[in-house]
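> Fold the following for me, if possible:
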Amino acid sequence: MPAANRLTTFADDLRLRLLRSRLPALWQATLDDLRGLLPRSWRRLLEGERQALWLRHAGDRLELRAHGTDGQTSLGELPLRPAVLEALADRIGQHHLRTWLLLPQELVLRRRLLLPGAAEPRLREVLGFELDRQTPFSAAQVVYEGRVLARGSGPQGLQVELLVLPRARLEAELQALGPLADLLSGVDVEEDGRRLGLNLLAAAGRSAPADPVRRTNAWLLAGAGAALMLALALILHNRGERLESMRAAVAAATEQARDARRIRNRLQSTATAANYLAERRAARPTMLELLDDLSRRIPDDTALDKLAVNGDRVVMVGQSRSAPALVGLLQASPLLTEPALSGAVQADSRSGRDRFTLVARLRPPAEEGDGRSP
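The predicted model follows:
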């Protein structure tokens with residue numbers, strides 16, 4: 001409950017601040033200007049409850065006034081006869097007209113009061129306590145209403161007018177209307193041809209006829225709300241489809257990027273392998289270079305039967321008159337390193353030469369071109 005009270009107090013304070021500002025007057029003026037731009041038929045459609053029938057006693061006759069978008073229009077006078085009042089009540093009931101009783105200001109006791117601004121949210125209760133001091137009547141003897149004349153910022157900045165009507169006088173006025181009294185939506189007071197905007201009729205006695213224009217406006221409002229909800233649902237649906245299409249596009253782009261990454265890795269692996277083979281090939285002397293170097297270093301009395309290169313290992317099989325001397329000759333080669341005879345040297349009886357097997361290793365690139373002369 002304390003939280004609800006604080007919320008109610010905050011809402012009342014916010015409403016009072018709004019009422020004390022210029023916004024309500026500016027808003028009403030703006031609405032009036034916009035309403036004036038519409039055709040008369042449209043204004044009648046939008047007015048709804050502002051269209052009403054006003055009744056006013058004029059001696060033994062009843063004056064009728066129509067109030068609508070174009071102001072008040074006099075409809076003439078009718079005699080206060082039961083048959084006439086019954087027929088008028090039937091017409092009002094058939095057309096669902098809002099009917100008000102207009103009283104002259106001489107019938108109402110009026111008092112102007114200065115109250116604190118905080119009294120506005122509970123103005124009727126505050127005025128009920130002021131009845132005993134401001135009037136000779138008690139609350140049970142009268143009907144009363146209050147209207148705010150001005151709002152100030154001082155401690156007694158709320159200027160209010162209290163309007164009091166004896167209950168007996170009101171009952172007499174209603175009794176004179178006969179069956180029309182049950183159709184009244186309210187009772188107001190007239191001052192210099194203008195209504196004060198009050199309703200002195202008790203809430204239990206007010207009639208609320210079905211207003212076709214109000215019903216039409218309600219249907220239009222419901223249709224507008226349904227159209228708005230449909231538009232929002234359509235927007236959400238379109239955005240959902242667009243989100244799904246974007247997700248599909250992102251998934252396809254991700255898959256393409258994954259394929260491109262695999263192809264790039266494969267190309268990099270292939271290029272790395274090719275570069276490695278090229279580097280290995282470049283690090284070794286070509287067969288022509290090796291043959292040229294051997295032909296220049298091996299003497300003429302030596303013949304090679306077999307020359308094999310396996311990786312960096314070179315194997316030479318042949319015949320020579322001085323096989324041990326070949327090791328010294330090949331040590332000076334810039335292409336070979338670690339030359340040595342493999343196995344025993346055997347003499348060939350037919351050729352008179354020594355059969356040998358000599359092995360060596362290709363010199364690494366860092367050791368090639370070390371400045372040794374051939």
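
> helix, strand or coil for Thr73?
What DSSP: H, G, I helix; E, B strand; the rest coil gives for Thr73 is strand.

> contacting residues for it?
The contact partners of Thr73, by C-beta atoms under 8 Å, 6 or more residues apart in numbering, come to 65-67. Bear in mind the C-beta positions are built from the backbone N, C-alpha and C, glycine included.

> hmm, 6 Å instead?
By C-beta atoms under 6 Å, 6 or more residues apart in numbering, the residues touching Thr73 are Ala66.

> gap between it and Arg363?
Computed as C-beta to C-beta, to the nearest Å, the Thr73 to Arg363 distance reads 124 Å.

> Now do the helices in the stretch 201-350 of the chain.
Using DSSP state H, counting those that start in this stretch, the helices found in the stretch 201-350 of the chain span residues 212-283, 287-297, 323-331.

> try the stretch 51-200 of the chain
For the stretch 51-200 of the chain, the helices identified by DSSP H, counting those that start in this stretch occupy 82-95, 123-134, 167-177, in order along the chain.

> What is the end-to-end distance of stretch 97-115?
Stretch 97-115 stretches 38 Å from its first residue to its last (C-alpha to C-alpha, to the nearest Å).

> How is this structure partitioned into domains?
Residue ranges for each domain of the chain read 1-37, 50-210, 215-282, 287-365, as given by automatic domain parsing.

> Is it possible to get JSON lines of these that adds mean pLDDT?
Listed next are the domains of the chain as JSON lines, based on pLDDT from 0 to 100:
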{"stretch": "domain 1-37", "mean pLDDT": "67"}
{"stretch": "domain 50-210", "mean pLDDT": "83"}
{"stretch": "domain 215-282", "mean pLDDT": "88"}
{"stretch": "domain 287-365", "mean pLDDT": "82"}
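
> centroid residue for this protein?
A centroid search over the chain (C-alpha atoms, centre = their mean) returns Leu236, at 10.8 Å, as the residue closest to the centre.

> From Leu307, how far out is it?
As defined by C-beta to C-beta, Leu236 lies at a distance of 83 Å from Leu307.

> swap in Ala150?
Taken as C-beta to C-beta, the spacing of Ala150 relative to Leu307 amounts to 125 Å.

> Same drill for those two, tell me which one is more crowded.
Leu307 (14 against 10; other C-beta atoms under 10 Å).

> so what's that one up against?
With contacts defined as C-beta under 6 Å, 6+ apart, the neighbours of Leu307 are Met316.

> beta partners of it?
The partner list for Leu307 in beta bridges (DSSP bridges) reads Met316.

> With Leu62 as the reference, measure out to it.
Distance of Leu307 to Leu62, computed by C-beta to C-beta: 142 Å.

> cool, Val142 as well?
25 Å.

> before we move on, what about Arg169?
Computed as C-beta to C-beta, the Arg169 to Leu62 distance reads 17 Å.

> ok, how many other residues are close to Leu55?
Using other C-beta under 10 Å, the number of residues around Leu55 comes to 22.
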